[in-house]
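> only geometry, no sequence info:
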């Protein structure tokens with residue numbers, strides 16, 4: 001244990017919990033779930049059944065928005081364009097939303113919250129002429145929730161969307177092959193003289209149309225017209241890396257629509273390759289946690305998932321974001337969630353081990369989304385048999401109290417108390433380690449048995465405070481969102 005002076009950590013098994021100002025209900029949610037509407041194995045009704053088995057109260061769906069990848073060989077990209085497209089909902093969001101609403105009417109006990117997984121951008125390196133190409137950032141995605149207007153969903157800025165950009169020299173290059181229609185039509189309409197030999201020394205002249213040449217040129221022109229129309233190009237080229245711009249554009253648009261955005265699996269790496277004829281086509285998405293520091297106004301990020309992550313560790317990227325916010329350098333904090341990425345029961349995957357527990361004022365879609373936006377939630381990683389719960393996270397000062405995602409404003413010199421309670425899902429005693437983090441520094445570390453109730457005390461000196469905690473067991477984890485204290 002570390003600390004000194006007014007910094008105290010007390011292990012108190014009989015400590016009475018402070019009563020919250022507003023009664024909040026816990027809703028266990030699984031965030032980032034795919035159904036068979038896109039890349040999942042189960043339909044919505046079956047997913048509700050799986051949620052029942054694991055005690056899940058909400059499923060936050062994240063169906064593929066537009067999973068469409070194309071490549072065109074310069075300079076005539078439209079004419080030479082090849083592409084791949086997987087099942088997505090971005091072209092017909094009405095059908096997706098209607099399907100969710102219909103199952104929700106029949107099975108209302110599990111909240112089905114429609115969302116989409118958006119790929120804002122991808123880009124290519126290499127060349128088919130070298131038989132070696134790489135497509136980057138197919139898995140550098142952002143989840144969008146709370147946008148339920150079909151027209152707004154359809155028009156979200158994303159890769160794979162019909163180009164709605166502007167005209168450039170590339171537009172001219174794409175349009176030029178359309179002019180092949182002109183010589184094609186001329187070749188079909190004009191009869192050209194052709195000499196034919198008849199026997200010895202006899203030659204006649206006949207006039208024929210150049211059917212093959214005319215049809216070929218006309219077909220190439222029509223193909224160029226169909227594939228290139230309306231000859232605009234995307235705002236962000238797929239031949240280079242535009243940085244954070246397309247991701248920020250999506251975040252800002254969703255904010256205008258009143259929705260919520262979640263950076264998905266920011267430290268996961270995706271690698272693979274396949275052959276397209278003689279060409280090796282690789283895919284590569286590198287960990288991109290730094291982009292969480294470069295982007296603004298998003299709601300949350302995947303902090304707990306089935307991969308190694310460091311961004312949420314004390315003093316790392318998340319604490320830097322929270323410090324920026326509490327100093328007024330960011331307009332909003334970034335919240336932590338547990339992210340499932342559930343597609344089906346493959347490789348031992350289950351729907352329940354990664355949960356985001358929402359603290360809601362009402363058990364509804366609106367209540368869950370409000371908790372997501374406000375940070376009233378905590379992330380859980382557990383086994384099927386055992387999980388830990390954050391039964392209490394309360395900061396009290398000067399007679400006022402605040403929980404996760406909330407802010408206390410108190411005069412300098414006011415005593416502050418953080419009360420934490422960690423319980424086991426089976427009600428028994430299990431070893432647990434609790435870390436309390438204040439302003440990015442682990443100020444206290446304590447081991448004990450559940451239920452563990454701890455109190456951390458300090459006194460404000462006018463410095464803004466960010467207080468959060470993390471609990472770990474053998475295969476269990478709880479990560480809280482912060483409470484802020486400002487002078």
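Thanks, I have the structure now. Only a predicted model underlies this, so the values are computations on that prediction, with no experimental measurement involved.

> which residues in the stretch 1-150 of the chain form helices?
44-53, 93-106, 150-154 (DSSP state H, counting those that start in this stretch).

> got a list of contacts for the longest one?
Applying Cβ atoms under 8 Å, 6 or more residues apart in numbering, the set of residues contacting helix 93-106 from outside is 37, 44-45, 48, 61, 63, 89, 111-112, 114, 148, 150, 153-154. Where you see a C-beta, it was placed from the backbone N, CA and C, and this is true even at glycine.

> Give me the buried subset of those.
37, 44, 48, 61, 63, 89, 111-112, 114, 148, 153-154 (16 or more other Cβ atoms under 10 Å).

> Among those, which one lies nearest to residue 435?
residue 111 (31.5 Å; Cβ to Cβ).

> Show the pLDDT at the closest one.
For residue 111, the pLDDT comes out at 98.

> quick one: contacts for the closest residue to it other than its chain neighbours?
Spatially, and ignoring its direct neighbours in sequence, residue 111 is nearest to residue 58 (4.0 Å; Cβ to Cβ, 6 or more residues apart in numbering). By Cβ under 8 Å, 6+ apart, the contact set of residue 58 is 27-30, 110-113, 358, 368.

> Kindly report the same for residue 405.
Residue 405 makes contacts with 335, 374-377, 481-483, as judged by Cβ under 8 Å, 6+ apart.

> still on that earlier bit, will you turn the contacts of helix 93-106 into CSV that also has distance to residue 136?
Formatted as CSV, the contacts of helix 93-106 follow (distance: Cβ to Cβ, whole Å):
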residue, distance to residue 136
37, 27
44, 33
45, 37
48, 36
61, 27
63, 23
89, 24
111, 36
112, 33
114, 29
148, 31
150, 31
153, 26
154, 26
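
> of the contacts of residue 405, buried ones?
335, 374-377, 481-483.

> Redo those as TSV? Include pLDDT, secondary structure and distance to residue 420.
Listed next are the buried ones among the contacts of residue 405 as TSV, based on pLDDT from 0 to 100; DSSP: H, G, I helix; E, B strand; the rest coil; distance: Cβ to Cβ, whole Å:
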residue	pLDDT	secondary structure	distance to residue 420
335	98	strand	18
374	97	helix	20
375	98	coil	17
376	98	coil	16
377	98	strand	16
481	98	coil	13
482	98	coil	13
483	97	strand	11
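
> Thought residue 453 was touching residue 419, still the case?
Yes - counting by Cβ atoms under 8 Å, residue 419 does reach residue 453; the two are 7.4 Å apart.

> With adjacent residues omitted, what lies nearest to residue 126?
residue 133 (3.9 Å).

> about what we covered before: of all the helices of the stretch 1-150 of the chain, which gets the most neighbours per residue?
Of all the helices of the stretch 1-150 of the chain, helix 44-53 has the most neighbours on average by mean count of other Cβ atoms under 10 Å, namely a mean of 18.

> If I take it and helix 93-106, what angle do their directions form?
Relative orientation of helix 44-53 versus helix 93-106 (axes from the mean of the first three to the mean of the last three Cα atoms, to 10 degrees): 50 degrees.

> For residue 401, what are phi and psi?
With angles defined as degrees, to the nearest 10, residue 401 sits at phi -140, psi 150.

> ignore the last one, residue 140
Dihedral angles (degrees, to the nearest 10) for residue 140: phi -100, psi 80.

> just to revisit the earlier point, kindly indicate which of the buried ones among the contacts of residue 405 lies nearest residue 347.
For the buried ones among the contacts of residue 405, the nearest to residue 347 is residue 377 (27.3 Å; Cβ to Cβ).

> Would you mind measuring from the closest one to residue 60?
11 Å (Cβ to Cβ, to the nearest Å).

> tell me, what's touching those two both at once?
Counting by Cβ under 8 Å, 6+ apart, the common neighbours of residue 377 and residue 60 are residue 356.

> Next up, the contacts around the residue nearest to residue 126.
Counted by Cβ under 8 Å, 6+ apart, residue 133 has contacts 71, 124-127, 279-282.

> for residue 30, same thing?
Listed by Cβ under 8 Å, 6+ apart, the contact set of residue 30 reads 51, 56, 58-60, 340, 342, 351-352, 354-356.

> and if you look at residue 35?
42-44, 47, 61, 63.

> nearest to residue 397, of these?
Looking across those and measuring by Cβ to Cβ, the closest to residue 397 is residue 61, at 39.3 Å.

> I'd say the closest one and residue 34 touch.
Yes - using Cβ under 8 Å as the test, residue 61 is close enough to residue 34 to be in contact (7.4 Å).

> Contacts only, for residue 336.
Contacts of residue 336 (Cβ under 8 Å, 6+ apart): 300-301, 303-304, 312, 318, 379, 479, 481.

> What about the residues you listed, which are in strands?
The strands, defined by DSSP state E, take in 300-301, 303-304, 379, 479 from these.

> where does the protein dip in pLDDT?
1-22, 74-81, 160-171, 174, 198-201, 205, 226-235 (pLDDT under 70).

> any idea which helix is longest in it?
Taking DSSP state H as the criterion, the chain has its longest helix at helix 211-228.

> For the residue nearest to residue 126, list each beta-bridge partner.
residue 126, residue 281 (DSSP bridges).

> Please parse this structure into its domains.
Domain ranges of the chain: 1-23+384-487, 25-143+289-375, 169-228, per automatic domain parsing.

> Find out how far the last one is from the centre of the chain, if you would.
In terms of Cα atoms, centre = their mean, to the nearest Å, the gap separating the centre of domain 169-228 from the centre of its chain is 51 Å.

> quick revisit: columns distance to residue 289 on top of the contacts of residue 405, output as a markdown table?
Compiled in a markdown table, the contacts of residue 405 are given as follows (distance: Cβ to Cβ, whole Å):
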| residue | distance to residue 289 |
| --- | --- |
| 335 | 15 |
| 374 | 23 |
| 375 | 19 |
| 376 | 24 |
| 377 | 20 |
| 481 | 18 |
| 482 | 18 |
| 483 | 24 |
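
> mind checking the end-to-end distance for stretch 186-206?
18 Å (Cα to Cα, to the nearest Å).

> which of the residues in it are buried?
residue 187.

> which non-adjacent residue is nearest residue 36?
residue 43 (5.1 Å).

> about what we covered before: what sits up against the helix or strand following the longest helix of the chain?
Elements were assigned by DSSP states H and E; along the chain past helix 211-228, the next helix or strand is helix 245-256. Helix 245-256 is contacted from outside by 118, 120-121, 140, 142, 144, 146-147, 156-159, 235-236, 260-261, 291, 295-298, using Cβ under 8 Å, 6+ apart.

> and if you look at stretch 467-477?
Taking Cβ under 8 Å, 6+ apart as the rule, stretch 467-477 contacts 304, 379-383, 386-388, 390, 393, 395, 418, 420, 422, 430-438, 452, 456, 478-485.

> and it, how far apart are its ends?
End-to-end distance of stretch 467-477 (Cα to Cα): 18 Å.

> tell me which residues of that stretch are tucked away?
467-473, 476-477.

> Pull the distance from the strand or helix carrying residue 469 to the chain's centre.
In the assignment (DSSP H and E), residue 469 maps to strand 465-472. Put simply, strand 465-472 sits 24 Å off its chain's centre (Cα atoms, centre = their mean).
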